[in-house]
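Chemist: quick one: sequence and predicted model below, then my questions.
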Amino acid sequence: MDSQGKVVTSPGSVSTPCIQAKALDIGYSKEVVVLDINFELRPGEAIALIGTNGCGKSTLLKTIVGLLPSLGGQLSIFGTPPGSNHRRIAYLGQFHNSGFVLPIRVVDVVRMGRFPLYGLWKRMSRQDDEIIFTAMRAMGIQKLADSPLRSLSGGQQQRTYIAQVLAHQADLLVLDEPTSGLDAGGRELYLQAVNDELHRGASITVATHDIQEEATLCHQVMLLARKVVAIGTPQEVLTPEALLKTFGIVVTDGKRLQVLETKHGHGSSDAPEAKK
């Protein structure tokens, strides 16, 4: 980060885009959630998807990684169809498997980040062990390496899953609400780790509610409200007018934006919900 706390990255490559979407329609089965999505993401760039619960953020991420089929238009990941580049993509979903039969240690969870490269049974090298430890240290959990995952707090578990993503050393990180449950220290470590990933040349697509954090992190912002409200640089997109269309009500004290959120999801209430 620079002296003003802004994330500094190298310019994006002119090679094949990591993500290219043209007139993309996304949704579940035959129900379209968002129509006509158009954007590109290149190496070393990050894009934040911002909006309420149910606005289409998670649906777009799942479509990018191949968990959901697109319903129309075109979507390519590294120039190929979604789902065909597992070795190059690390995905952090909102929900994690906590039903392990045997107690599983933190280091074992982080080591899983290397499985797409090796499979379950191939022996890892000393270099892999160093990568795993570096990922744990980046998220401040190296002293918890031998602790059972189920013994950790929610924030410590989230740090563990972020470290798993970092250990993959993927070309594209797809993150769904990665700072959920993190305290201030965890958020700071996350931002520094993501900054390091961008400097490494990785690209990042992140779904978030946090407007201020992602404004310092991302080259592009997409505002979603079951449609694309706006897409562009944070300076272009994060305006009171665009946020009003996205969230419902916007208040500013001159330093920080506050939105009173109207949900767009299925069965959601029309009552505003405060978000900062």
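Modeler: Arrived safely, thanks for sending. Note that the coordinates shown come from a computational prediction; the quantities given were computed from them, not determined experimentally.
Chemist: which elements pack onto the helix or strand containing Tyr161?
Modeler: Using DSSP states H and E, Tyr161 maps to helix 154-168. Helix 154-168 is packed against strand 89-92, helix 106-111, helix 126-138, helix 184-200, with contacts defined by 3 or more CB pairs under 8 Å, 6 or more residues apart in numbering; DSSP states H and E. C-beta coordinates here come from the backbone N, C-alpha and C atoms, glycine included.
Chemist: can I get the ones you listed in a markdown table with mean neighbour count, distance to Leu68 and mean pLDDT?
Modeler: Converted to a markdown table, the helices and strands packed on helix 154-168 look like this (neighbours: other CB atoms under 10 Å; distance: least, CB to CB, whole Å; pLDDT from 0 to 100):
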| stretch | mean neighbour count | distance to Leu68 | mean pLDDT |
| --- | --- | --- | --- |
| strand 89-92 | 22 | 12 | 96 |
| helix 106-111 | 22 | 25 | 95 |
| helix 126-138 | 17 | 28 | 96 |
| helix 184-200 | 17 | 24 | 95 |
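Chemist: would JSON lines of these with distance to Ala170 be doable?
Modeler: Below are the helices and strands packed on helix 154-168 laid out as JSON lines (distance: least, CB to CB, whole Å):
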{"stretch": "strand 89-92", "distance to Ala170": "4"}
{"stretch": "helix 106-111", "distance to Ala170": "14"}
{"stretch": "helix 126-138", "distance to Ala170": "12"}
{"stretch": "helix 184-200", "distance to Ala170": "9"}
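Chemist: how about low-confidence regions in the stretch 151-276 of the chain?
Modeler: Filtered on pLDDT under 70, the stretch 151-276 of the chain yields the residue ranges 214, 249-276.
Chemist: quick one: the strands in it?
Modeler: Taking DSSP state E, counting those that start in this stretch as the criterion, the stretch 151-276 of the chain carries its strands at 172-176, 203-208, 220-224, 228-232, 248-252, 257-261, 273-275.
Chemist: same check on the stretch 1-150 of the chain?
Modeler: Going by DSSP E, counting those that start in this stretch, the stretch 1-150 of the chain shows strands at 19-28, 31-41, 46-51, 72-77, 89-92.
Chemist: closest to the centroid, which residue in the protein?
Modeler: Centroid check for the chain by CA atoms, centre = their mean gives Leu175 as the closest residue, at 2.0 Å.
Chemist: residue contacts, that one?
Modeler: Leu61, Tyr91, Leu92, Val165, Ile204, Thr205, Val206, Ala207 (CB atoms under 8 Å, 6 or more residues apart in numbering).
Chemist: quick one: the fourth one from Leu243, how far?
Modeler: In this case it means Val165. Per CB to CB, to the nearest Å, Val165 is found 28 Å from Leu243.
Chemist: same deal with the third one?
Modeler: Between Leu92 and Leu243 the distance, using CB to CB, works out to 25 Å.
Chemist: next: the second one.
Modeler: With the distance defined as CB to CB, Tyr91 ends up 28 Å from Leu243.
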